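1. Here you go, sequence then predicted model.
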Amino acid sequence: MSGSRWWVLALGIAMAIAGCVSVPTAQTDAAASAIPDPSPSPTSEVAERATGLAPSPLEDTVVEDYDPWAPFNTAIFSFNRKVDRYVLKPVAKAWDKIVPDPVERSLKRAFDNLSMPRRLVNNLFQLKLKGAGQELARFGLNSTLGVAGLFDVAKVFGVEASEADTGQTLGRYGVRPGPYLVLPFLPPLTARDGIGFVVDTALNPFNYVIFPVAALAGTAVGKRVDERALNLDLYENVEESTVDLYSAVRNGYLQQRQKMIDDLRLEIR
């Protein structure tokens with residue numbers, strides 16, 4: 001392998017590390033955005049609802065916080081917060097200043113469009129045929145008329161997005177969450193959702209192109225920075241208003257995941 005290719009490989013790995021950093025202060029993908037802000041600003045409330053991460057005001061799901069690995073988890077949680085504070089947040093702020101909000105939102109839609117295979121497969125395994133059909137229709141419309149997913153044309157035609165992942169699918173068939181787990185550079189997980197995370201990553205076709213490491217790195221860093229930049233104010237509000245951030249992220253994540261699975265079981269009865 002030539003020197004230039006070694007350099008590209010090293011750069012790709014570095015980008016993957018930076019890009020895969022979850023934001024434990026607000027959990028870009030799920031958890032911390034689910035933490036209710038005691039005095040949310042209109043901006044933060046809209047952001048929570050727009051990303052679909054805010055808990056329902058009627059939620060009454062009781063979830064046991066099974067956290068036998070708490071010493072390990074809290075240490076990694078602290079490490080992830082430092083990486084977020086000193087790496088991801090500065091990059092996201094710079095990105096937010098350079099890139100207009102409409103472009104950021106378009107990029108987010110493009111990343112979501114690339115995740116169609118994961119949602120399609122899991123809708124099928126969850127016996128949600130309507131959701132699977134919506135995913136196929138959305139991908140076709142958004143990949144063509146929506147210019148590779150930059151625009152959500154499908155929504156204009158009334159084809160709404162569905163959401164499904166392997167962790168939900170396992171939960172739908174009775175697999176228990178297992179212990180709560182925090183790993184470096186990854187979002188909060190349970191043992192079940194960790195298995196789901198690996199499967200969902202394998203279902204992303206973008207990871208199988210000519211240079212998988214660079215492809216994965218580019219997708220991860222772009223998605224993380226873009227999401228972080230879109231929700232800077234929300235993340236800061238959550239961090240400043242929460243005393244025990246580790247417990248708040250853990251509880252918000254576990255409750256949200258349990259509610260998703262409970263709703264899924266009710267939907268397919």
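-> Alright, I've got the coordinates. The structure displayed is predicted, hence computed values, not measured ones.

2. Which pLDDT value belongs to residue 148?
-> pLDDT, residue 148: 89.

3. Next: residue 209.
-> 63.

4. Same question for residue 204.
-> 81.

5. Check the burial of it by counting its neighbours.
-> Neighbour count of residue 204, defined by other C-beta atoms under 10 Å: 16. Yep, even glycine has a C-beta here, placed from its N, CA and C like the rest.

6. And it, how far from residue 117?
-> 7 Å (C-beta to C-beta, to the nearest Å).

7. Equivalent analysis for residue 265, please.
-> Residue 265 is 24 Å from residue 117, by C-beta to C-beta.

8. Residue 264 now?
-> According to C-beta to C-beta, residue 264 and residue 117 sit 19 Å apart.

9. Could you do residue 75 as well?
-> 35 Å.

10. and the next element down the chain from the helix or strand containing residue 239?
-> Using DSSP states H and E, residue 239 sits within helix 232-241. Counting by DSSP H and E, the next helix or strand C-terminal to helix 232-241 is helix 245-267.

11. May I see the buried residues of that following helix?
-> 245-246, 248-261, 264 (16 or more other C-beta atoms under 10 Å).

12. That one packs against which elements?
-> helix 70-83, helix 166-172, strand 180-181 (3 or more C-beta pairs under 8 Å, 6 or more residues apart in numbering; DSSP states H and E).

13. got TSV for these, with mean pLDDT too?
-> Below are these laid out as TSV (pLDDT from 0 to 100):
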stretch	mean pLDDT
helix 70-83	94
helix 166-172	95
strand 180-181	96
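
14. of those, which approaches residue 154 most closely?
-> helix 166-172 (21.7 Å; C-beta to C-beta).

15. For the chain, just list every one of the strands.
-> Secondary structure of the chain by DSSP state E: the strands cover 180-181, 189-190.

16. re the thing from before, how about the helices and strands packed on helix 245-267 in a markdown table, adding distance to residue 189 and mean neighbour count?
-> As requested, the helices and strands packed on helix 245-267 are arranged in a markdown table below (distance: least, C-beta to C-beta, whole Å; neighbours: other C-beta atoms under 10 Å):
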| stretch | distance to residue 189 | mean neighbour count |
| --- | --- | --- |
| helix 70-83 | 10 | 15 |
| helix 166-172 | 8 | 22 |
| strand 180-181 | 5 | 20 |
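
17. which residue packs closest to residue 138, ignoring adjacent ones?
-> Of all residues not flanking residue 138 in the chain, residue 154 sits nearest, at 4.0 Å (C-beta to C-beta, 6 or more residues apart in numbering).

18. what do you get for residue 152?
-> Spatial nearest neighbour of residue 152, chain neighbours left out: residue 109 (5.5 Å); criterion: C-beta to C-beta, 6+ apart.

19. Would you reformat the strands of the chain as CSV and include distance to residue 165?
-> Formatted as CSV, those follow (distance: least, C-beta to C-beta, whole Å):
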stretch, distance to residue 165
strand 180-181, 16
strand 189-190, 12
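
20. okay, and for this protein, where does confidence drop off?
-> Low-confidence segments of the chain, defined by pLDDT under 70, span residues 1-64, 207-237, 268-269.

21. dump the residue contacts of the residue lying closest to residue 67 once chain neighbours are set aside.
-> Excluding the flanking residues, the one nearest residue 67 by C-beta to C-beta, 6+ apart is residue 180, at 4.5 Å. Applying C-beta atoms under 8 Å, 6 or more residues apart in numbering, we find residue 180 in contact with 65-67, 69, 73, 188-190, 250, 253-254.

22. for residue 154, same thing?
-> So residue 154 contacts 137-138, 141-142, 146, 160-161 (C-beta under 8 Å, 6+ apart).
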